[in-house]
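Visitor: got a sequence here, can you build the structure:
(chains A and B)
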Amino acid sequence: MSSAVIVARYALREAVRRRVILVVLLLTVCFLALYGLGCAVTFNQVDSLAAGDQLDDRVLAGSTLLGLSMFTILFLGTVLAVFLTLGAVRGDAERGLLQPLVVRPVGRTSLLLGRFAGAAAVCALYVALVYAAAVLITGIAGDWWPDSAVGPGVGLVLAVIVIAAISLLGSIFLSSTANGIAVFMLFGAGLAAGLLGQIGEALSVDTLEDVAKVSSWLLPFEALYQAGLHGLTAETSGITGVIVQLGPFGGAEEAGPGLWLWTLAYLALVGTAARAGFARRDL
Amino acid sequence: MPAALRCESLEKRYGDTVALGGVDLGVAQGELLGLLGPNGAGKSTLTKIACGLVQATGGVAEVEGSPAGSAEARAAIGYLAELFRFPDWLTADELLALHQELAASARGAEERAELLELVGLADARDTKVAAMSKGMQQRLGIAQALVGTPRLLMLDEPTSALDPVGRRVVRDLLRELRARGIAVVLSSHLLSEVELVCDRVAILVGGGIVAQGTPAELARPRGVEVETEGGRRTFPDASREEVPRIVAELVANGEQVYEVRLLASTLEDAYLEAVGAA
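Guide: Below you'll find the predicted structure:
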C-alpha cells in the first residue's frame, strides 16, 4: 500500500504540472464568471416578473441554472479525468516513461492504484470546489439554495471518478489518442442514453427506457448525474416540483441506494479488469 | 551463490514471430557481459524479460535465484532502457529521490550525491530534466538504474547518445561497478566499447545465441606482422610460438627487425562472421 501512496503522490505532482490543468482552470474561471453574470441577470428578471400562485419562479430559475452548471462541471471534470489518465499505461510505455517505474519492486497493482488515486483525487477536488462555487454563486445571486447540496456534489464527484477509472482501464489497451476518443464517445453515449430514457419515459416507449437502463448499468456516471439533478429539488412539491424535475438535458431521476452500491461495485470491477489487463501486458 | 542472471531455454513468441527461441545464458556475480546482435535479434526482449517488463512464453529466467519479474528479482535489478524518458519537470535530485522511494532505499541524500558524482552530474543536481541534453539524461538514467545498489544492472544501449568523453565516463563507471561485484549486462551496437570493458560477449542473432566467450576467445589469430628496414612483412599462417624462429631467420638473413606484432581478428570481425554465418 505504501508503494501505491508513493505513486499517487508522484501522479498528483505530475497532474498539477500538466498544461491541461491550466487550460481547465482558465475555462473554469471563465465559466464561473459567466455563470455568476447569468445568475445575476436571470434572478433580476425573475424579480421583475409577477409571481404566480402555483409556480415558484425563483426555484425554477435557481434549479435550472444550477442543473446546467452541473452539466458543465461534469463535462470539465471529464476533460480533466480523461487527460490525466488517457496515456497512463500504454501511452507512457510508448514514450518510455513507465518502464523505469515498473522495474522497481512496487508491483503493477500498486502502480495502477497509485495512478488512479492521484487522478481521482485531483478530479474529485476540482469537481467539489467548482460545484461548491456554483452553489454559492446561485445562492448569493438569487437567494435560492438547493434542497440537498451535498448529495448532488457527491454524485458529480463519483461520476467523474467513474470516468477516470474507465479512462485508466482504456489506457492499458489503447493508445492515448484512441483512448481519449473512446472515452469521450462513451461519455456522449451515456448522456444520449439518459436523454433517450427521459423521452421513452415521457412517451411510454419501453425500448427506449430499456436502452437507458442498460446504459446506466454499463455507464453509471449518467445515472449519478441524474441523481444529482434530482437531489437539487428533491423536496420541492406542487407544480414547481413537477416542472423542475423535468430539468435540463434530459431531466432528473431519483436514485436509490442501489446506485451508490453499484457505483462502488463498478469501480471494483473496472479495477479488477485493469489489474488483470496490466498484469499481462508486455511493456 | 546464485548467478546474477540465469536463462534456460528462454522463449518469447509474439504470435507466429519468434523473438527468442530457447536462449541459454548465465551471468556470474560481478561479471560484465556484452550482449551483441543486429536489430531485431532479441537483445531488448531478453533484457526486458530479465527486468519483468515482458513475460516469457517458455523456459526459465532468474535474477539472483528469484524468478524474473518477482518483487525479489526487481529489487535486485537496475535498468536503463534504450528508449527512455523521465518526467521533464523533475530535477536530477528529485528523480533520484523518487526512485529511492520506489526502491525502498534508505540512503537518502548521500546516495543521490554519490550517484550524481559517479556519472559526472554533480553540478546538475538541481537541473530539471527538460534542461538536460540527451547525453546528460542518459547519464542520469544510469544513475537512476544504480539507485538502491542493484546486484545486476541491465543497460540497453547506454552510450548511444554520449560523446567520447561521456563514453569514457561510462566505461570507467562499468569497471568501477565490476570492482564492487555488481554484474552488468551491456547491450550495445558499439563493438569497440564492448571489447574494451566486457569480460564476456554473447552474440544474439534471430532470437538465439550464435557465439559467446571472452573477446579474446572470439577473436581468432590472423598471423604475425614484422617491421623491417625493407618495410612491413606479414606471415598469415604463423602463430605466436613461431615468432622467435621468424625473427631469427630474418636476422640471419641480415635484416634489421624493428617491431613484431601478433595479428588477431577484432570483435567486429568475429561479430560479422557470426552474424553472417547465422
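Visitor: going by C-alpha atoms from here, please, whenever you check contacts or count neighbours.
Guide: Fine.
Visitor: do a quick rundown of the helices in chain B.
Guide: If DSSP state H is used as the criterion, the helices of chain B fall at B:43-51, B:71-75, B:92-102, B:108-118, B:134-145, B:164-179, B:191-197, B:215-218, B:243-252, B:267-277.
Visitor: and for chain A?
Guide: A:2-17, A:19-48, A:57-85, A:90-95, A:99-102, A:108-142, A:150-173, A:176-203, A:206-218, A:221-232, A:238-246, A:257-280.
Visitor: of the ones you listed, which stretch is the most buried?
Guide: helix A:221-232 (a mean of 28; mean count of other Cα atoms under 10 Å in any protein chain shown).
Visitor: what's the angle between that helix and helix A:57-85?
Guide: 150 degrees (axes from the mean of the first three to the mean of the last three Cα atoms, to 10 degrees).
Visitor: where in the chain is pLDDT low?
Guide: Since no chain was named, I'll use chain A. For chain A, the stretches with pLDDT under 70 are A:1, A:48-54, A:240-252.
Visitor: correction: the question concerned chain B.
Guide: B:277-278.
Visitor: nearest to chain A, of the helices of chain B?
Guide: helix B:71-75 (5.0 Å; Cα to the nearest Cα).
Visitor: how far out from the middle of the chain is the closest one?
Guide: Distance of helix B:71-75 from its chain centroid, counting by Cα atoms, centre = their mean, to the nearest Å, is 21 Å.
Visitor: quick one: it near chain A?
Guide: Yes - contact of helix B:71-75 with chain A (Cα under 8 Å from any Cα of the partner chain) involves B:A71, B:E72, B:R74, B:A75.
Visitor: how about stretch B:88-101?
Guide: Yes - legend: contact between stretch B:88-101 and chain A by Cα under 8 Å from any Cα is shown at B:W89, B:L98, B:H99, B:E101.
Visitor: burial measure for the closest residue in space to the first one that isn't next to it in sequence, as a count.
Guide: In other words, B:W89. Spatial nearest neighbour of B:W89, chain neighbours left out: B:K128 (6.1 Å); criterion: Cα to Cα, 6 or more residues apart in numbering or on different chains. For B:K128, the count of nearby residues is 17 (other Cα atoms under 10 Å in any protein chain shown).
Visitor: is it possible to get a markdown table of the helices of chain A that adds distance to chain B?
Guide: As requested, the helices of chain A are exported to a markdown table (distance: least, Cα to the nearest Cα, whole Å):
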| stretch | distance to chain B |
| --- | --- |
| helix A:2-17 | 7 |
| helix A:19-48 | 12 |
| helix A:57-85 | 14 |
| helix A:90-95 | 7 |
| helix A:99-102 | 7 |
| helix A:108-142 | 10 |
| helix A:150-173 | 14 |
| helix A:176-203 | 17 |
| helix A:206-218 | 32 |
| helix A:221-232 | 32 |
| helix A:238-246 | 48 |
| helix A:257-280 | 8 |
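Visitor: any chance of those in JSON lines with distance to B:Q137 as columns?
Guide: Below are the helices of chain A laid out as JSON lines (distance: least, Cα to Cα, whole Å):
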{"stretch": "helix A:2-17", "distance to B:Q137": "19"}
{"stretch": "helix A:19-48", "distance to B:Q137": "23"}
{"stretch": "helix A:57-85", "distance to B:Q137": "25"}
{"stretch": "helix A:90-95", "distance to B:Q137": "15"}
{"stretch": "helix A:99-102", "distance to B:Q137": "13"}
{"stretch": "helix A:108-142", "distance to B:Q137": "24"}
{"stretch": "helix A:150-173", "distance to B:Q137": "27"}
{"stretch": "helix A:176-203", "distance to B:Q137": "25"}
{"stretch": "helix A:206-218", "distance to B:Q137": "44"}
{"stretch": "helix A:221-232", "distance to B:Q137": "42"}
{"stretch": "helix A:238-246", "distance to B:Q137": "58"}
{"stretch": "helix A:257-280", "distance to B:Q137": "28"}
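Visitor: wait, which of the ones you listed is closest to B:S192?
Guide: helix A:99-102 (27.4 Å; Cα to Cα).
Visitor: residues making contact with that closest one?
Guide: A:A93, A:R108, A:L111, A:L283, B:L53, B:Y79, B:L80, B:A81, B:F84, B:H99, B:L102 (Cα atoms under 8 Å, 6 or more residues apart in numbering or on different chains).
Visitor: at 10 Å instead, please
Guide: When contacts are defined by Cα atoms under 10 Å, 6 or more residues apart in numbering or on different chains, helix A:99-102 is touched by residues A:7, A:89, A:92-93, A:107-108, A:110-111, A:283, B:48, B:51-53, B:69, B:74, B:78-81, B:83-86, B:98-99, B:102-103, B:141, B:144-145.
Visitor: nearest spatial neighbour of the residue of the stretch 1-150 of chain A found nearest chain B, chain-adjacent residues omitted?
Guide: Distances between the stretch 1-150 of chain A and chain B by Cα to the nearest Cα are smallest at A:G96, namely 4.1 Å. Excluding its sequence neighbours, the residue lying closest to A:G96 (Cα to Cα, 6+ apart) is B:F84, at 4.1 Å.
Visitor: the residue of the stretch 151-283 of chain A found nearest chain B: how many residues sit nearby?
Guide: Closest residue of the stretch 151-283 of chain A to chain B, Cα to the nearest Cα: A:D282 (4.5 Å). As a burial measure, A:D282 scores 15 neighbours (other Cα under 10 Å).
Visitor: list the residues that contact it.
Guide: A:R90, A:A93, B:T45, B:K48, B:I49, B:G52, B:L53, B:V54, B:Q55, B:A56.
Visitor: list the contacts of A:W145.
Guide: Contact analysis of A:W145 by Cα under 10 Å, 6+ apart lists A:R58, A:V59, A:G62, A:S63, A:L66, A:V135, A:L136, A:I137, A:T138, A:G139, A:L232, A:T233.
Visitor: now the two most distant members of those residues.
Guide: Pairwise distances across these peak at 17.1 Å for A:I137 and A:T233 (criterion: Cα to Cα).
Visitor: how many residues are close by the nearest residue to B:L162 once chain neighbours are set aside?
Guide: Counting by Cα to Cα, 6+ apart, B:L162 lies nearest to B:G135, which is 4.9 Å off, once chain neighbours are set aside. Residues lying near B:G135 (other Cα under 10 Å) number 17.
Visitor: my guess is B:G135 contacts B:S160, does it?
Guide: Yes - B:G135 is within contact range of B:S160, at 8.4 Å (criterion: Cα atoms under 10 Å).
Visitor: overlap in contacts, those two.
Guide: Joint contacts of B:G135 and B:S160 (Cα under 10 Å, 6+ apart) are B:R167.
Visitor: neighbours around the nearest residue to B:L53 once chain neighbours are set aside, how many?
Guide: In space, and not counting its chain neighbours, B:L53 is closest to A:L283: 5.2 Å by Cα to Cα, 6+ apart. By other Cα under 10 Å, the residues close to A:L283 number 20.
Visitor: against A:G77, how distant is A:A134?
Guide: 14 Å (Cα to Cα, to the nearest Å).
Visitor: please read the previous query as pertaining to B:A28.
Guide: Taken as Cα to Cα, the span from B:A28 to A:G77 is 53 Å.
Visitor: what do you get for B:V257?
Guide: Distance, B:V257 to A:G77, by Cα to Cα: 85 Å.
Visitor: now do A:L219
Guide: Distance from A:L219 to A:G77, counting by Cα to Cα: 16 Å.
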